[in-house]
Structure formats: C-alpha cells, structure tokens
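J.: Mind folding the following:
(one chain, ligands or ions: 1)
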Amino acid sequence: MAQIIDGKALAAKLLETTSADVAEIVAGGGTAPGLAVILVGNDPASQVYVGRKISQCRKAGIRSVEHRLDAETPQEDLLALIDTLNADAGVHGILVQLPLPKHIDAALVLDRIDPGKDVDGFHPVNVGRLSTGTGGLVPCTPLGVMLLLDSVIEDYRGLNVVVIGKSNIVGKPVSMLLLEREATVTVTHIETRDLPDVARKADIIVAAAGAPHLVRGYWVKPGAVVIDVGISRVTDFDGTTRLVGDCATHELDHARAVTPVPGGVGPMTIACLLSNTVLAAKRSAK
Ligand code: GUN
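T.: Purely as a prediction, here's the structure:
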C-alpha cells in the first residue's frame with residue numbers, strides 16, 4: 001500500500017507554529033498580523049474558500065477583514081479599495097479571491113497590490129522573484145505542495161518530476177520551486193503528447209490539471225510519489241456528489257506515497273496563506 005501523506009496533520013502543525021509566531025509578535029508589543037480578503041460576487045466555491053481562510057485566521061490570532069463586494073462592482077472601485085489597503089499599516093496581507101467577474105481585468109488588479117502584501121504571490125514582482133530564486137512571497141498552493149513533498153523526500157537533486165498543468169497559480173510556480181531544488185522538471189499540459197508515457201518516467205508527479213481521475217494507475221511508476229492538487233465535484237449515478245482529485249488514487253497502491261483528496265493539498269494551502277501573512281508582517285516591521 002502507498003503511504004497516505006496526511007495534509008490535515010501537516011497543516012495543523014504549520015498552523016501551530018504560525019499561531020506561536022503571532023503570539024510572539026503580540027507579546028513583543030507588535031500589532032497582530034492583519035489579512036484583508038476581498039471577494040467580488042457570489043461564486044459559491046469562492047465563498048466557501050474565503051470562509052475557511054477567515055476562520056483559520058481567527059484561530060491563529062491573525063486579524064482578518066473580509067471585503068465582500070457586489071458582482072457589479074466597477075473595476076475602479078476595486079482598485080481604489082486595494083490602494084486604501086496598500087496604505088493601511090495594519091494590513092500586512094491582501095488577498096483578492098479569484099476568479100473575478102468578467103468585466104474586471106484580473107491582471108490589472110493583481111498588479112495593483114503592494115508586492116510586500118501580496119500573500120498569494122501572484123504579483124509580477126513576486127513571480128519574477130520566484131523564477132530568479134531571489135525571495136519574495138511564494139504562492140500558497142505550491143508552497144503547500146513542497147511541504148507535503150518534504151515530508152517524504154529529502155534530496156530532490158536529479159529526480160524526474162512531471163508537473164501536469166501549467167497554470168500561473170500551481171503548475172508554473174511549483175515547477176520553479178522544484179527547479180530550485182535541482183530536480184529535473186517536465187511541465188506538461190493539455191497539448192502534451194503521450195502524457196501517460198511522460199508521466200511514467202516520473203519519480204514525482206504533481207497533478208494540477210483540474211481533470212477528475214486523469215492520472216490512472218498505469219501512468220505511475222512503482223515507487224513514485226504523487227501529489228494530487230486537483231479537486232473537482234463529480235456526480236455519481238445515484239445523483240450524490242463527491243469531491244475527487246486528478247488522480248485515480250485507488251489504482252495507486254504501487255506508488256510510494258500519495259496525497260488524499262480532500263485532506264491533502266487543500267488544508268496546506270490555507271496554512272501557507274497564514275504563514276505568508278505572518279512573514280509579510282515580520283518583513284514590514286523591519
Ligand atoms: N482561487 C483559486 N485558488 C486561489 C488562490 O490560491 N488564491 C486566490 N486568491 N484565489 C484563488
């Protein structure tokens with residue numbers, strides 16, 4: 001049987017250290033780290049994600065302020081809110097939940113966030129810092145993926161990693177982090193030819209395509225480590241729905257270790273958001 005990497009337990013550990021960091025800042029006379037979360041519109045999934053982020057902040061002692069804006073909010077108003085938050089010394093992290101409504105230019109909005117407060121790591125300055133290995137804030141899901149991998153892998157040098165999906169949020173940044181560790185990284189996507197053959201050469205697979213059960217047992221080399229970033233809601237024949245990942249985990253007994261969905265990458269993403277917020281607060285105090 002493959003080892004199941006327990007994302008919930010690892011996330012709980014990270015939340016503990018983050019809470020301790022917050023307590024230390026406050027005990028030293030500093031202000032508690034503050035996170036502003038902006039949600040535009042009523043996308044149901046986004047509402048759930050934002051709710052989780054806010055409630056975890058509360059548990060860790062991070063002050064969080066939620067800004068819920070109407071779906072019709074003009075772009076100018078959103079940009080003005082970001083300007084206000086950029087100038088607010090009590091706000092150390094700013095997160096704009098994606099996706100944004102179609103009339104808003106997401107790239108323009110992300111560009112407006114102060115890179116030092118960009119706890120999602122989506123600002124071009126942070127993207128550039130990641131790709132040159134010069135610090136900055138690292139996107140939460142890729143950071144979580146690396147912590148999950150670190151729990152089973154000590155030395156990445158020369159390992160073959162196949163990343164499935166080339167998104168700005170996961171595929172590209174996780175590839176940069178793996179390159180930094182001197183893995184041999186292959187980034188694949190919807191147009192990649194013979195993907196099962198490519199995947200079968202991997203010591204590590206990071207599946208972030210958002211395609212339910214795309215990665216089958218025969219795609220995975222015996223002993224490989226598989227990180228499943230995908231999370232999709234599927235409807236069974238009887239009409240019930242459930243969450244599934246990008247990997248057919250029940251076919252992966254021959255893998256060395258796999259992450260479950262849910263309970264793998266998801267909890268780590270939120271824990272990393274909180275640790276990024278504390279990091280941003282510490283840097284701003286210097
Ligand atoms: N929507 C889906 N994933 C993310 C994320 O990591 N950050 C933000 N802000 N929005 C998202």
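
J.: tell me the contacts of the residue in the stretch 151-286 of the chain that the ligand sits nearest to?
T.: Closest to the ligand within the stretch 151-286 of the chain is residue 169: 5.4 Å, counting by CB to the nearest ligand atom. Quick note: C-beta positions are derived from backbone N, CA and C, even for glycine. Residues in contact with residue 169 (CB atoms under 8 Å, 6 or more residues apart in numbering) are 98, 122, 139, 141.

J.: got it, and residue 203?
T.: Residue 203 touches 159-161, 221, 223-225, counting by CB under 8 Å, 6+ apart.

J.: so is the nearest residue in space to residue 232 that is not next to it in sequence in a helix, a strand, or just coil?
T.: Leaving aside its sequence neighbours, residue 232 sits nearest to residue 212 (CB to CB, 6 or more residues apart in numbering; 4.4 Å). Per DSSP: H, G, I helix; E, B strand; the rest coil, the local secondary structure of residue 212 is coil.

J.: where does residue 212 fall, phi/psi-wise?
T.: phi -60, psi 130 (degrees, to the nearest 10).

J.: Write out the residues of the stretch 101-250 of the chain neighbouring the ligand.
T.: 120, 140-141, 169 (CB under 6 Å from any ligand atom).

J.: ok, the residue in the chain positioned nearest to the ligand to residue 193 distance?
T.: Per CB to the nearest ligand atom, residue 98 is where the chain lies closest to the ligand, at 3.7 Å. Using CB to CB, to the nearest Å, residue 98 is found at 30 Å from residue 193.

J.: So which of the residues of the stretch 101-250 of the chain next to the ligand belong to helices?
T.: Of those, the ones assigned to helices by DSSP state H are 140-141.

J.: Most neighbours of all the residues of the stretch 101-250 of the chain next to the ligand, which one?
T.: In terms of neighbours by other CB atoms under 10 Å, those top out with residue 140 at 26 neighbours.

J.: Give me the local confidence score for that one.
T.: At residue 140, the model reports a pLDDT of 98.

J.: check contacts around the spatially closest residue to it that is not a sequence neighbour.
T.: Setting aside the residues directly before and after it, residue 140 is nearest to residue 272 in space (CB to CB, 6+ apart), at 4.0 Å. Residues in contact with residue 272 (CB under 8 Å, 6+ apart) are 14, 140-141, 143-144, 147.

J.: what's the closest non-adjacent residue to the most centrally placed residue in the chain?
T.: Centroid-nearest residue in the chain: residue 141, 1.6 Å away (criterion: CA atoms, centre = their mean). In this structure, residue 141 finds its nearest non-sequential neighbour in residue 269, 4.7 Å apart by CB to CB, 6+ apart.

J.: Next, the buried residues of the helix or strand harbouring that neighbour.
T.: Taking DSSP states H and E as the definition, one finds residue 269 inside helix 265-285. Neighbour-count burial for helix 265-285, counted by 16 or more other CB atoms under 10 Å, picks out 265-281, 284.

J.: if we can go back for a sec, number of nearby residues for the residue nearest to the residue of the chain closest to the ligand when sequence neighbours are not counted?
T.: Distance criterion CB to CB, 6+ apart; nearest residue to residue 98, sequence neighbours excluded, is residue 106 at 6.4 Å. Applying other CB under 10 Å, we find 14 residues neighbouring residue 106.

J.: contacting residues around residue 106?
T.: 98-100.

J.: measure it to residue 229 for me?
T.: 20 Å.

J.: List the buried residues for stretch 93-103?
T.: Buried residues in stretch 93-103, counted by 16+ other CB under 10 Å: 93-98, 100-101.

J.: Run through who's touching stretch 143-153.
T.: So stretch 143-153 is contacted by 3, 5, 7, 10-11, 14, 156, 159, 170, 174, 177-178, 204, 206, 225, 227, 229, 256-257, 259, 264-265, 268-269, 271-272, 275-276 (CB under 8 Å, 6+ apart).

J.: Using PyMOL, make a named selection holding only the buried ones among those residues.
T.: Buried subset of the contacts of stretch 143-153, written as a PyMOL selection, criterion 16+ other CB under 10 Å:
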select buried, resi 5+7+10+11+14+156+159+170+174+177+178+204+206+225+227+229+256+257+259+264+265+268+269+271+272+275+276
